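Student: here you go, sequence then predicted model.
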Amino acid sequence: MIKSLRLALMALALTTLSGAAHAVCPTFTTLTNGSPADATKVMDNYNYILGCPYFTGNVGIGTDTGFFGLDVELAAGNTSAKFGNNKPIYAIFDSPILGFNLYYESGWKYGKGSSSSYGGAIGFAPSTGKIDFYTTNSSGNASSFGSVTSRMTLTQSGSLGIGTASPGQKLDVVGTIRQSNCTTAGTLSTNASGDIICTSDARLKNVLGDYDNGLDAVTRLTPRRFTYKPTKNNPVETFVHAGFIAQEVRAVIPQAVAVQRNGYLSLDTTAILAASVNAIKELKAANYRQAGELARLRAQNAALSSQITHQTAAMRQVSDRLEAVERRIGVRTALAATRH
């Protein structure tokens, strides 16, 4: 009892209570800083706190104004409140920061009851309007110092940075990105080198048959250059994209286009890629056919060339014989003329 009374007196010495009690609560005596109060009044207020769970006023700790239901202006270091006994939540002022198994007192420290445990925090910077999400770089024990790193930052303008405290886009990620449970590609991984990897294991798929769109479909598609129209979140678009228009693709390859919840069309370029693969196969098959036809024509041409060579040789032989005959006839004619 003496210990409880001592704790109550210590609490009331730093606490200002104001407001109205519930009708069934004991009588409450308002205490004012700097004014004397006898032990009876202090005990009455102590009993009031114990006996009235329906207090409707404000409680001030370290302040006599009590502007809020609980108004705390006392702190150990920069930490003004602790909630919980083991690995608690801490309220840290001047940023402000909400610490999880982590508080600040001349440096970051692990919370009460921490044993080789990690800590984390969420902090808001009033000067810039950004919110940072921190975790400790290692585990630690209660009251030992630790270091923290900002893992994710949300700027005042709504840009989210993961692995960077200064996101340049609405989503700016430094490192590897993995997307799971996709509707078209299963699992998608993208790393800092720009590589995109999609899970494509046959054990995850129900194979329904071969895809038959090919060269005809691809040749009917028209690549376009475009910019996106201004929106509230992206008022100015200066980058010129190269790609396709969903409405145009749907008229040729309907499987490549889906309607989103907002009514806009989305485009699955994997279907176009599949059609392009079939188109390449068709072109290769046509090339093989043309190569075979060309080989046949070359063989035919070689045979004709050989025939022409033989015919030319034969004609030369005939020509030689004719010349020989003509020479003989010419000699005889000359002899006959001499005799006459």
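Tutor: Nice, thanks for sending it over. Just so it is clear, the structure is predicted and the values come from calculations on it, not from any experiment.
Student: give the residue spans of this protein that score low on pLDDT.
Tutor: The model of the chain has pLDDT under 70 over residues 1-28, 49-57, 65-67, 75-77, 178-195, 232-234, 331-340.
Student: and it, what are its domains?
Tutor: 2-72, 79-171, 175-204, 210-340 (automatic domain parsing).
Student: now render the ones you listed as CSV, adding mean neighbour count.
Tutor: Heads up, the C-betas are built off the backbone N, CA and C, glycines and all. Formatted as CSV, the domains of the chain follow (neighbours: other C-beta atoms under 10 Å):
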stretch, mean neighbour count
domain 2-72, 13
domain 79-171, 16
domain 175-204, 11
domain 210-340, 12
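Student: and the strands in the stretch 151-300 of the chain?
Tutor: 160-162, 171-173, 177-182, 186-190, 196-198, 224-226, 241-243, 257-259, 265-267 (DSSP state E, counting those that start in this stretch).
Student: elements contacting the first one?
Tutor: Same thing as strand 160-162. Counting contacts by 3 or more C-beta pairs under 8 Å, 6 or more residues apart in numbering; DSSP states H and E, strand 160-162 is packed against strand 148-154, strand 171-173.
Student: pipe those strands into a markdown table and attach distance to Glu73 per row.
Tutor: Compiled in a markdown table, the helices and strands packed on strand 160-162 are given as follows (distance: least, C-beta to C-beta, whole Å):
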| stretch | distance to Glu73 |
| --- | --- |
| strand 148-154 | 25 |
| strand 171-173 | 38 |
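Student: wait, which of the ones you listed is closest to Ala242?
Tutor: Among these, strand 171-173 comes nearest to Ala242, with 21.9 Å by C-beta to C-beta.
Student: helices or strands next to that closest one in the packing?
Tutor: Checked by 3+ C-beta pairs under 8 Å, 6+ apart, strand 171-173 has strand 160-162 packed alongside it.
Student: next, Ala39: phi, psi?
Tutor: phi -60, psi -30 (degrees, to the nearest 10).
Student: contacts only, for it.
Tutor: For Ala39, no contacting residues are found, by C-beta atoms under 8 Å, 6 or more residues apart in numbering.
Student: against Val59, how distant is it?
Tutor: Separation of Ala39 from Val59 (C-beta to C-beta, to the nearest Å): 21 Å.
Student: now that Asp268 has come up, it's in contact with Ile253, right?
Tutor: No: at 9.2 Å, Asp268 and Ile253 do not qualify as touching, with contact defined as C-beta atoms under 8 Å.
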